[in-house]
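Undergrad: From the sequence below, what's the structure:
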Amino acid sequence: MGMLEKALEGGKFGVTVEMAPPKGYDFKEQMEAAELLKGKVHGVNVTDMQSACLKASSLGLCIKLKEAGLEPIIQVTGRDRSRMGIMGDMLSAAAFGIDTMLALTGDHPTVGDCSQSKPVYDLDSVGILHMLSVMEATGTDCGGNELEGGAPEFYKGAAVTPVYEPLFLQINKLRQKVEAGARYIQTQGIFDLESFKRFMDEVDKANIKTHIMAGIIPLKAAGMAKYMNENVPGIAVPQDMIDRLAAAAAEGKAKGVKGLPTQLGIEMAAEMIAKIKDEGLCDGVHIMAIGAEKNVPKILEKAGITIDE
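TA: Model prediction:
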């Protein structure tokens, strides 16, 4: 049983962090950040060519993290691999002791930096979850053939967008993912707790039983927030947050001090995490620091969050 499963199924507040592999084969920067995360999080969720941009594989960095003593969470999208390719990667992951995964459909290659790549989409996120659940229950591969030595078991997760209209479409998709085997769910980044509370109320009304982890994105600048509002589906950064970041930038410029917006973003993220935990809004948080994973320990410290290993 992995650390995240042990925490969530044991009623503890789960904490994970997202990390992207390099655009190359030098993992030095990721491993330096990983050392700072030891004992701070229940898992490091490794992206699978996020936004359809070419990177080293999720499996590759997961293996490096496992060897370094961390708990990796392998992301698997349906964009680049058939069901046979996905199952092969998951069997390989199991061989390295990687037992927690997140299923995603994956962004289309046309939005990324290798737009000539041909998409596969043999399975979407629900299909991936269902395939792995059948494998676990029957001990067979995607063709119905018996697996040598039996089938590995994974703690399976999926994603949801809580700020979405009409919301019932996300609730219906969430139900499908849970019925297919998702035992935990991480959300798109949230910035408005009232909107998140409305989403959680709808989950409760739908009687969907799973563990929800709120997505937290530490903001670095007003421009970053505006860009996400305009270009990232499901992101809605309130204007007052944007104004605070802009004011911090202006203050820094006037005083000749760098990094004030980033520091403010760290504080706002910590405040959000503390409120989520104190009010018992959901089961944990998933921090998407977007290349600034070294700031995560500081965010958790300010939020008063520690984990039980």
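Undergrad: distance between stretch 85-93 and the chain's centre?
TA: Offset of stretch 85-93 from its chain centre (CA atoms, centre = their mean, to the nearest Å): 20 Å.
Undergrad: 7 is where my numbering starts, stick with that
TA: Will do, 7 is the new start, and the previous item becomes stretch 91-99.
Undergrad: Which positions in it come out as buried?
TA: 92-93, 95-96, 99 (16 or more other CB atoms under 10 Å). To be clear about C-beta, it is placed using only N, CA and C from the backbone, and glycine gets the same treatment.
Undergrad: how about it as CSV, C-alpha atoms only?
TA: Provided in CSV are the C-alpha atoms of stretch 91-99 (Å, rounded to 0.1, in the frame of the first residue of the first chain):
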residue,chain,number,x,y,z
GLY,A,91,1.0,0.2,-24.8
ILE,A,92,-0.7,1.5,-21.7
MET,A,93,-1.0,-1.9,-20.0
GLY,A,94,2.6,-2.6,-20.9
ASP,A,95,3.8,0.6,-19.2
MET,A,96,1.7,-0.2,-16.1
LEU,A,97,3.1,-3.7,-15.8
SER,A,98,6.6,-2.2,-16.0
ALA,A,99,5.6,0.4,-13.4
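Undergrad: contacts for that stretch?
TA: 65, 68, 80, 82, 84, 87, 105, 107, 126, 128-129, 134, 137-138, 141, 147-148, 153, 158, 160 (CB atoms under 8 Å, 6 or more residues apart in numbering).
Undergrad: Quick check: PyMOL command selecting the buried ones in these.
TA: The buried residues among the contacts of stretch 91-99 can be selected in PyMOL (16+ other CB under 10 Å) with this line:
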select buried, resi 65+68+80+82+84+87+105+107+126+128+129+134+137+138+141+147+148+158+160
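Undergrad: just to revisit the earlier point, and the buried residues of stretch 91-99, which of them are in strands?
TA: Among the buried residues of stretch 91-99, no member is found in strands (DSSP state E).
Undergrad: and of those residues, the nearest to residue 10?
TA: Nearest to residue 10, judged by CB to CB, of those is residue 99 at 14.7 Å.
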